[in-house]
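Colleague: Dropping the sequence and predicted coords here.
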There are 2 protein chains.
Amino acid sequence: MSAVPPPARRTDPERRDRIIDAALEVIARDGVAGTSHRRVAAAADVPLGSMTYHFTGMDELLDEAFTRFADRAADGFADRFGAATSREEAVEAVVALLEQDPLADAHDLVLTHELYTLAARDPRYRRITEHWLERNHTTLTRHFDPTTARIVDALIEGVTLHRALGAPRSRTTEAVEAVRRATRAG
Amino acid sequence: MSAVPPPARRTDPERRDRIIDAALEVIARDGVAGTSHRRVAAAADVPLGSMTYHFTGMDELLDEAFTRFADRAADGFADRFGAATSREEAVEAVVALLEQDPLADAHDLVLTHELYTLAARDPRYRRITEHWLERNHTTLTRHFDPTTARIVDALIEGVTLHRALGAPRSRTTEAVEAVRRATRAG
DNA sequence: CGCCGCAGTGTACGATCGTACACACCCCGT
DNA sequence: ACGGGGTGTGTACGATCGTACACTGCGGCG
């Protein structure tokens, strides 16, 4: 789990990074189930032996890959609200989030669910999702009270999920209405 | 995908059923990734050869297993609202749904996410989730208008997801508040 | 200049997989 | 009574997997 920093390798320090990114690509394409050391090595254009050299095993690779993915996703989430200076703009950012086409980047969608599945079974991966959720919650509490933030976050997650699962695209007015209700203080 | 009914086997008709149920058990325990013909056969206590005899391949087995799971889940969802005769009782049923401990049956939780992951990647499995969502939506529209039903369903999904991912148990008052806002007509 | 230690790699092993397929067995029609 | 067709199964094959591990080649120190 790389609690300690890597032991100061002399050459090619970005090779390890490239493997992690390649792993995310392979996972998005073939799923965690279809991800093997060989496929990742091929995608990263490194020899098979590099896999066992840089990572103790598949678990460590998955852990680091999904940690990176979750961090990037949380960054992106924060960016979407970073520009908002008022509560109204934050609400609009939420609406925009709910309106975006989930098929637009099936890449991230698949990765998200692969991670969720891992987290549902293995508490170890739950640490990653916990941290992700907490970062998103922190982002939202910059604009909403904690309870509203939690409700809004759950709403975003639920609507995104429904779309990923093939629910008919709800109309914009419906998304707007959902956000309006969720953000209306009791 | 068993579009046609099985060809009227003479003996042991429940053997195929037992295999499907065993598959769900194995998936819940080891994940889709860790599910093999051999493991399912062992769990169902049938010989390996029965796998290829009753199913054309792993895809057909997964498809039928998750179809059965989704049907049962939709049945359970409908049962929870079946007793409700008023809108207030329906609201209470939603609150109860949000308050139940998701860890209580990790079994179903894992199966749900395994299915979601499949659906996120493969449109074929999306037919199963679409149907599931539609049935849940139909159940909710017995008590709520369509827009509210959609919002409530997304909220349930989001809150359940957050809990599965390790979010701190939100307080009961928070769940009640979320439902109150979601069900309050605009 | 020579050697030594380590970053980095190619290969081989044992396990497991999905699936095909030859065969066994039983029931039924003749 | 007996032959045949179809239900059901054991086994074997080729592919792929994770991982270990002996090895290479080079950069720096004595």
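Modeller: Thanks, I have the structure now. Numbering: from 1, shown residues only, chains lettered A, B, ... in the order given.
Colleague: what's downstream of the helix or strand harbouring A:Arg68, the next helix or strand?
Modeller: Per DSSP states H and E: A:Arg68 is located in helix A:58-82. Next in sequence after helix A:58-82, counting helices and strands by DSSP H and E, comes helix A:87-99.
Colleague: Let me see the residues that make contact with that next one.
Modeller: With contact meaning CB atoms under 8 Å, 6 or more residues apart in numbering or on different chains, helix A:87-99 is reached by A:80-81, A:83-84, A:140, A:142-144, A:152, A:155-156, A:159-160, A:172, A:175-176, A:178-180, A:183. In short, each C-beta sits where N, CA and C put it, glycine included.
Colleague: and it, C-alpha only, in CSV?
Modeller: The C-alpha trace of helix A:87-99 is given here as CSV (Å, rounded to 0.1, in the frame of the first residue of the first chain):
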residue,chain,number,x,y,z
ARG,A,87,-25.1,30.0,-3.5
GLU,A,88,-27.0,30.5,-6.8
GLU,A,89,-24.0,29.8,-8.8
ALA,A,90,-23.4,26.7,-6.7
VAL,A,91,-26.9,25.5,-7.4
GLU,A,92,-26.3,26.1,-11.1
ALA,A,93,-23.1,24.0,-10.9
VAL,A,94,-25.1,21.2,-9.4
VAL,A,95,-27.7,21.4,-12.2
ALA,A,96,-25.0,21.4,-14.8
LEU,A,97,-23.6,18.3,-13.1
LEU,A,98,-26.9,16.6,-13.3
GLU,A,99,-27.5,17.5,-16.9
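Colleague: The next helix or strand after it close to chain B?
Modeller: Next helix or strand after helix A:87-99 toward the C-terminus (DSSP H and E): helix A:106-121. Yes - shown here: helix A:106-121 in contact with chain B (CB under 8 Å from any CB of the partner chain) through A:106, A:109-110, A:112-114, A:116-117, A:119-121.
Colleague: Which neighbouring elements make contact with whichever helix or strand comes after helix A:106-121?
Modeller: Using DSSP H and E, the helix or strand that follows helix A:106-121 towards the C-terminus is helix A:123-141. With contacts taken as 3 or more CB pairs under 8 Å, 6 or more residues apart in numbering or on different chains; DSSP states H and E, helix A:123-141 sits against helix A:58-82, helix A:106-121, helix A:146-164.
Colleague: For those, give me CSV that also has mean neighbour count.
Modeller: Formatted as CSV, the helices and strands packed on helix A:123-141 follow (neighbours: other CB atoms under 10 Å in any protein chain shown):
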stretch, mean neighbour count
helix A:58-82, 17
helix A:106-121, 22
helix A:146-164, 23
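Colleague: now for those helices, which one comes closest to DNA strand D?
Modeller: helix A:58-82 (4.4 Å; CB to the nearest atom of the strand).
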